[in-house]
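Q: coords below, sequence missing:
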């Protein structure tokens with residue numbers, strides 16, 4: 001395996017480094033800011049076709065409003081009214097998304113500087129989230145391993161705390177299997193093995209009600225083209241201006257299972273996602289703005305990438321509690337193939 005620093009740049013007194021790891025199947029690059037992935041490419045394409053969105057300028061990762069390809073935490077997804085119960089108290093945290101706390105608040109891992117060290121088959125990233133950042137209790141130490149094994153990118157998460165708190169980490173990469181953003185993702189096919197999605201209200205807050213996907217445009221239990229235009233409309237879809245929904249994955253919790261398959265029929269590329277987590281937020285890039293400039297000066301547009309954010313159910317706070325001495329863990333694997 002080849003491992004090296006491929007780019008370095010000083011931006012606003014922040015030293016940004018891009019790290020690369022490459023084996024006989026995949027090349028993956030990422031930054032020390034937010035752990036943001038900047039490239040995933042396959043040997044089948046001579047490592048020339050990027051399968052993730054990437055900003056044209058490194059400086060744009062310092063103002064990464066769409067969480068492009070970063071590690072998310074200390075919590076993932078939305079917390080309604082920014083409130084959750086902990087030890088018989090109601091904890092109030094930052095509201096950074098209307099009535100919600102989104103992805104841990106305005107100061108979160110997206111903007112953090114990670115210490116990076118090489119390990120077997122990849123790299124280890126470490127950061128500490130301070131006590132009371134965005135209102136969350138506890139100093140939380142986060143460790144994320146990016147490793148390659150054959151055609152798989154493995155992401156292993158760990159976290160510890162010095163006070164009772166909640167932790168729910170994920171990765172927010174925007175995938176586009178057309179290669180170098182040749183098309184948007186609406187012609188891609190998707191399979192998510194899930195019988196239910198979580199309902200949200202007009203503020204995109206979870207109601208805790210769960211809806212069967214049967215006979216709706218949320219049903220991806222068989223490989224289905226993402227484009228919704230030929231499907232029957234649904235009020236829940238309209239509330240979010242497109243796909244931005246939590247799928248409750250079938251299967252046993254904490255057992256790593258392959259529940260998600262994303263594919264591009266035109267290129268023959270596919271991505272299989274396996275996770276230990278009980279849920280995935282499927283986001284179809286509904287709010288990718290036209291003023292964003294990606295690699296090769298590609299202008300941003302709606303639905304240019306798809307995110308599959310695997311994590312715990314955001315409104316199940318009991319499952320997210322960790323205490324001093326506990327170790328939070330989750331694993332998600334991204335397996336790339338081409339026919």
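A: All right, it came through fine. Everything numeric here is computed off the predicted structure, so don't read it as measured data. Numbers count the residues shown, from 1 in each chain.
Q: Helices of the stretch 101-250 of the chain, residue ranges please.
A: Using DSSP state H, counting those that start in this stretch, the helices of the stretch 101-250 of the chain run over residues 235-239.
Q: Do a quick rundown of the strands in it.
A: 115-119, 122-129, 140-149, 152-161, 165-166, 170-171, 189-192, 194-200, 206-212, 224-225, 244-249 (DSSP state E, counting those that start in this stretch).
Q: low pLDDT regions in the stretch 201-339 of the chain?
A: Scanning the stretch 201-339 of the chain for pLDDT under 70 picks out the ranges 253-254.
Q: In the chain, which residue sits furthest out from the middle?
A: residue 88 (30.8 Å; CA atoms, centre = their mean).
Q: can you tell me how far that one sits from residue 24?
A: 54 Å (CB to CB, to the nearest Å). Placement of C-beta: from N, CA and C, glycine included.
Q: What lies in contact with stretch 310-327?
A: Residues from elsewhere that reach stretch 310-327 (CB atoms under 8 Å, 6 or more residues apart in numbering): 72, 75-80, 84-86, 158-171, 198, 206, 208, 246, 248, 273, 275, 277-281, 328, 330, 332.
Q: could the strands of the stretch 101-250 of the chain be laid out in TSV, adding distance to residue 20?
A: Written out in TSV, the entries for the strands of the stretch 101-250 of the chain read as follows (distance: least, CB to CB, whole Å):
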stretch	distance to residue 20
strand 115-119	11
strand 122-129	10
strand 140-149	11
strand 152-161	13
strand 165-166	34
strand 170-171	18
strand 189-192	29
strand 194-200	34
strand 206-212	38
strand 224-225	34
strand 244-249	31
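Q: Which of those strands sits closest to residue 264?
A: For those, distance to residue 264 was read as CB to CB. The smallest value, 7.7 Å, belongs to strand 189-192.
Q: Check the contacts of stretch 310-327 for burial and list the buried ones.
A: Using 16 or more other CB atoms under 10 Å as the burial test, the contacts of stretch 310-327 include 72, 75-80, 84, 86, 158-161, 163, 165-171, 198, 206, 246, 248, 273, 275, 277-281, 328, 330, 332 as buried.
Q: Confirm for me that residue 275 is in contact with residue 257.
A: Yes: Residue 275 is in contact with residue 257 according to CB atoms under 8 Å; the separation is 7.2 Å.
Q: which neighbours do those two share?
A: Common neighbours of residue 275 and residue 257 (CB under 8 Å, 6+ apart) are residue 249.
Q: Let's see the pLDDT reported for residue 13.
A: pLDDT, residue 13: 89.
Q: What distance do you get for it to residue 113?
A: 11 Å.
Q: more neighbours, those two?
A: Neighbour comparison, residue 13 and residue 113: the larger count goes to residue 113, with 14 against 5 (by other CB atoms under 10 Å).
Q: Please tell me I have it right and that one contacts residue 17.
A: No: contact criterion CB under 8 Å: residue 113 and residue 17 do not qualify, at 10.0 Å.
Q: joint contacts of the two?
A: Between them, residue 113 and residue 17 share these contacting residues under CB under 8 Å, 6+ apart: residue 32.
Q: returning to what we had before: tell me which of the strands of the stretch 101-250 of the chain sits most buried.
A: The highest mean neighbour count among the strands of the stretch 101-250 of the chain, using mean count of other CB atoms under 10 Å, belongs to strand 170-171: a mean of 28.
Q: Starting from that strand, tell me which strands it pairs with and how they run.
A: When sheet partners are counted by DSSP bridges, strand 170-171 sits next to strand 71-72 (antiparallel).
Q: average pLDDT across the strand it pairs with?
A: 98.
Q: How far off centre is it?
A: Centre-to-centre, strand 71-72 and its host chain are 7 Å apart (CA atoms, centre = their mean, to the nearest Å).
Q: which residues are contacting the next helix or strand after it?
A: Using DSSP states H and E, the next helix or strand after strand 71-72 towards the C-terminus is strand 78-80. Applying CB under 8 Å, 6+ apart, the contact partners of strand 78-80 are 93, 97, 99-102, 200, 203-206, 314-315.
Q: so how far is strand 78-80 from its chain's centroid?
A: Worked out by CA atoms, centre = their mean, strand 78-80 lies 16 Å from the chain centre.
Q: Let me know the next secondary structure element after that strand.
A: Taking DSSP H and E, what comes next after strand 78-80 is strand 83-86.
Q: which other residues reach that next one?
A: Residues contacting strand 83-86 (CB under 8 Å, 6+ apart): 90-93, 137, 164-166, 317, 321.
Q: Can you name every helix or strand that the one helix or strand residue 261 maps to contacts?
A: Assigned by DSSP H and E, residue 261 belongs to strand 257-264. Packed against strand 257-264 by the contact rule (3 or more CB pairs under 8 Å, 6 or more residues apart in numbering; DSSP states H and E) you find strand 189-192, strand 269-275.
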